[in-house]
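# using only what follows, build the 3D model:
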Amino acid sequence: MLPILRFSAVMAALTLAACGGGGDSKPASRSSAVSISSMTASSVAISSTATSSLTSTAPSSMAPSSTALSSIAPSSTAVSSSSASIAAVLVKINGTINGFTAEGDVSTLDENQVQVTVHLLDENEAVLTSVTPIASDYSTSDELRFSADLNGAGATSIAVNISAPGYTSFARKLTPENQINLDAKLQAIPVQTVVAGTATTVSGIELSGFNIQVSAEDDQQSNSLLINIPQSLLPDDTSSLDVAVRTFDPNSPEDAEFFPGAYADSDGNQLASVGFNFAEIKTNNNESLVAAMRKARQQKIAKVGGNQKSIAEEPVLINYQIPPQSCALLESLGDSAPNQTGFQIPVYTYNPASGLWDLIGQGTLYNEAAQQVPATQTVFNCTTEIFTLEILVGNGIFQRQWWNLDYPLAFNQPTDYCATIQLKNPDGQTLTGINGLVMDNDDNFNFASGFFTTDDNGRATIRIAQSNMAPDLEAEVIFFAESEFSYVTHKVALSTNCVNSPVQQLVLTRPQLCEVSGNFVYESGAPVNRNFVYGFTSENSSLFGFDFTTSNTQGNYRLNLPCGGEYTIFNFAALIAQPDEEPMRVTRIDGNLDTDELSDNGAQVVMKTEVIKHSQPVVTGMYDPATKTLTLMAYSNYDTFPMSAQIKVKSLDGATTVQSFSGNFTVDTSGEDEEMPFYFMGNLIRTIDLPATDSGYLLEITFVDALGKTWTAVPGVVGIL
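Residues are numbered from 1 along each chain as shown. The predicted model follows:
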């Protein structure tokens, strides 16, 4: 393993060397949507009808049915703050990422393993543009933060995906408001090791293979789950599986915060979730389950001569316990597949590219007596009886991490019920870009849940389709805490007035955020990429604010700080490259132009462009006499890598050159010291025989960096392991 040296150690080593010189797939078929043709407070009659959604704009590829909603958009959620197609859109996304243990305690995420992807999509779910912003960390904060700018003509939605190994991922599909503030929570899942054995399903089937079992008695699980993976689907040398599985109850706001994407499927239907879960599975050879199954299939084909392109495979069998609160959905929506025996519920997997759910099949419902529930059953007493869905699917289910039991919804003679909300803080300031969830807040199911984002005026229009027979005229709006597991709720009134519905004021205790942006360039005018910068409340400000980020490939950065405050803007490249200059700038977000500001309109501040000195690399090294391994580490700005180098290793008195060689330093993008956050680290490792010494060596290196700059006689010190 590469030895890691903290920056203070590097500087100490350079002090010793002061005598050195310097220098210059969507499924082919699907079931019909479940239709609600008449509704009372206690029951809903079921029929089959055209597909439908619950939102506000219609893709040109769909012809709305007279029995379904007119004006529908599979790319939207059940809530929209914009009702018209957008010719061109600019979306600014500001994200915080928090990690938690399985028990809900704060956990520190490794920023090098966190992946952030944002897609801007058109009405047909085609990707207009994508960005993969860097998740930045700061030593005094447990959060990671990122920012991203996207723009494109015809954009109707965005899909955000954030993941880290061993954690549940975060996914949202939202309307592309000008500003979106995301609070992503990733929770660790305990890994269980599963060996081959036997298990019995709810229907009485005896299973052999790898049986993954989750108990509802576990505090970290919402309901029980059994997944059977036949041994025949895996390579012969698979002796065990490492499994991280978590089940969620969509009726619980704490669990609903983890619901991925939108409550909508890839066929244009709104979805009512019965239960959803996350699974990350690897073999004992540290292969993903998908890769291992692909290898096993190739091995089987090779054994029969390699002429067959496919081979018959055993199915995967899953038993999923229905969360008790979801039984109201079973009573309301009933059997989803009249042409199949028994009571069926659809099963979906989440498509992170579109932010929608793809149907993969139907599951059959069983009671505790191991009997199929009849399709005609309309009463489910889940307080005294457990119901389990048995799902028989192909191994393609493991290509994605999120699964969902859902009903696709369509309403005969539907009616839109709306509410316009405006979100303000206790000081009366409007809150822009805040995400919320709307849910049906009573025991009778009337409409699907959905996510929304407040616009530039702090407003969002909630638009919900439901039957006009005994409609629900109240919804619950939920806002989740930014950095912990908690939430606040508000009740809002619904009405059929969707054109000019009265604005309902909601209060949320959060600061109103304003934007502070700027740009870093080298003396040559080239942009400074991945320069760490933060903004912090100055001594003269009564408002507390803190945000941090790294500059992008254009050298631009954006911070979000409470409006009306005074802040110090600090960048680390200036700290090291220009130690004789003050690395701090000051902004007052007040509409008045200050010394360090280029513009200030009271809501957005643009700081003056800062020129970062293109400085000499810092170099150090370690030598292991036992393995004759010399490891050299060069520290510099991200843009300066890779660097070519002519290296001289000298005796500690500098009188004798003991070795000379050339090589290249490439930036280490996975090491723990990638960002310190002062400089990035590049490595050069060489097997070389150096004369024995206990005191170390000096380095004298000539670098040519990626910006074309030559640095001669750069000094350094090599320590002995």
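
# against Asp442, how distant is the residue sitting nearest the centre point of the chain?
Nearest to the geometric centre of the chain sits Ile162, at 1.6 Å (C-alpha atoms, centre = their mean). Between Ile162 and Asp442 the distance is 33 Å, computed by C-beta to C-beta, to the nearest Å. Yep, even glycine has a C-beta here, placed from its N, CA and C like the rest.

# re earlier: any buried residues in whatever helix or strand the residue nearest to the centre of the chain lives in, and which?
Assigned by DSSP states H and E, Ile162 belongs to strand 157-163. By 16 or more other C-beta atoms under 10 Å, the buried positions in strand 157-163 come out as 157-163.

# one step back: residues contacting the residue nearest to the centre of the chain?
Residues in contact with Ile162 (C-beta atoms under 8 Å, 6 or more residues apart in numbering) are 95, 97, 114-117, 135, 169-171, 184, 186.

# repeat the analysis, applying 10 Å as the threshold.
95, 97, 109, 114-118, 133, 135, 144, 146, 169-172, 182, 184-186 (C-beta atoms under 10 Å, 6 or more residues apart in numbering).

# now the buried members of the residues you listed.
The neighbour-count test (16+ other C-beta under 10 Å) marks 95, 97, 109, 114, 116-118, 133, 135, 144, 146, 169-172, 182, 184-186 as buried among these.

# bridge partners for Leu182, pull those for me.
Gly95 (DSSP bridges).

# by mean pLDDT, point me to the weakest helix or strand of the chain.
Lowest on mean pLDDT, DSSP states H and E among the helices and strands of the chain sits strand 44-49, with a mean of 27.

# my guess is Asn539 contacts Thr568. True?
Not quite, residue 539 is Glu, not Asn. Yes: contact criterion C-beta atoms under 10 Å: Glu539 and Thr568 qualify, at 8.7 Å.

# and Thr388, what is it in contact with?
Contacts of Thr388 by C-beta under 10 Å, 6+ apart are 201-203, 223-226, 318-322, 363-368, 370, 373.

# and the helices in the stretch 251-400 of the chain?
Ranges of helices in the stretch 251-400 of the chain, per DSSP state H, counting those that start in this stretch, are 253-256, 289-303, 327-333.

# out of the ones you listed, which gets nearest to Val214?
With respect to Val214, and counting by C-beta to C-beta, the nearest of the helices of the stretch 251-400 of the chain is helix 253-256 at 14.2 Å.

# which helices and strands sit right next to that closest one?
With contacts defined as 3 or more C-beta pairs under 10 Å, 6 or more residues apart in numbering; DSSP states H and E, the packing partners of helix 253-256 are strand 240-248, strand 270-283, strand 435-439, strand 474-480, strand 487-493.

# make it 7 Å
Packing contacts for helix 253-256, counted by 3 or more C-beta pairs under 7 Å, 6 or more residues apart in numbering; DSSP states H and E, involve no helix or strand.

# how far off centre is that helix?
Distance of helix 253-256 from its chain centroid, counting by C-alpha atoms, centre = their mean, to the nearest Å, is 17 Å.

# distance of the residue nearest to Arg297 when sequence neighbours are not counted relative to Ala196?
Spatially, and ignoring its direct neighbours in sequence, Arg297 is nearest to Ile311 (6.4 Å; C-beta to C-beta, 6 or more residues apart in numbering). To Ala196, Ile311 is 21 Å away according to C-beta to C-beta.

# and these two? which has more neighbours close in?
Ala196 (16 against 12; other C-beta atoms under 10 Å).

# buried stuff in the helix or strand the more buried one falls within?
Take DSSP H and E as the rule and Ala196 turns out to sit in strand 192-200. Using 16+ other C-beta under 10 Å as the test for burial, strand 192-200 gives 194, 196, 199.

# isn't the second one right up against Gly209?
Yes: Ala196 lies in contact with Gly209 (C-beta atoms under 7 Å); the separation is 6.1 Å.

# and Asp249, how far is that from Val347?
Distance from Asp249 to Val347, by C-beta to C-beta: 17 Å.

# ok, now Leu90?
38 Å.

# who has more neighbours out of those two?
Counted by other C-beta under 10 Å, Leu90 and Val347 do not tie: Val347 has more neighbours, with 23 against 13.

# who's Arg463 bridged to?
For Arg463, the beta-bridge partners are Cys418 (DSSP bridges).

# near it, how many other residues are there?
Neighbour count for Arg463, taken as other C-beta under 10 Å: 28.

# again with Leu207
Neighbours of Leu207 (other C-beta under 10 Å): 17.

# which non-adjacent residue is nearest Asn552?
Once flanking residues are discounted, Asn552 sits nearest to Asn529: 6.8 Å by C-beta to C-beta, 6+ apart.

# ignore the last one, Leu561
Closest to Leu561 by C-beta to C-beta, 6+ apart is Gly545, at 4.0 Å.

# what do you get for Ser662?
Ser662 sits nearest to Gln646 (C-beta to C-beta, 6+ apart), 5.3 Å away.

# burial check on that neighbour, number of neighbours?
14.

# one step back: let's have the helices of the stretch 251-400 of the chain in CSV, adding distance to Thr595.
Shown next, in CSV, are the helices of the stretch 251-400 of the chain (distance: least, C-beta to C-beta, whole Å):
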stretch, distance to Thr595
helix 253-256, 47
helix 289-303, 56
helix 327-333, 61
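
# got the contact list for Ile685?
Contacts for Ile685 (C-beta atoms under 7 Å, 6 or more residues apart in numbering) come out as 629, 631.

# that one and Pro352, how far apart?
36 Å.

# Ile180 too?
Counting by C-beta to C-beta, the gap between Ile180 and Pro352 amounts to 17 Å.

# more crowded one of the two?
Neighbour count, other C-beta under 10 Å: between Ile180 and Pro352, Ile180 has more, with 24 against 20.
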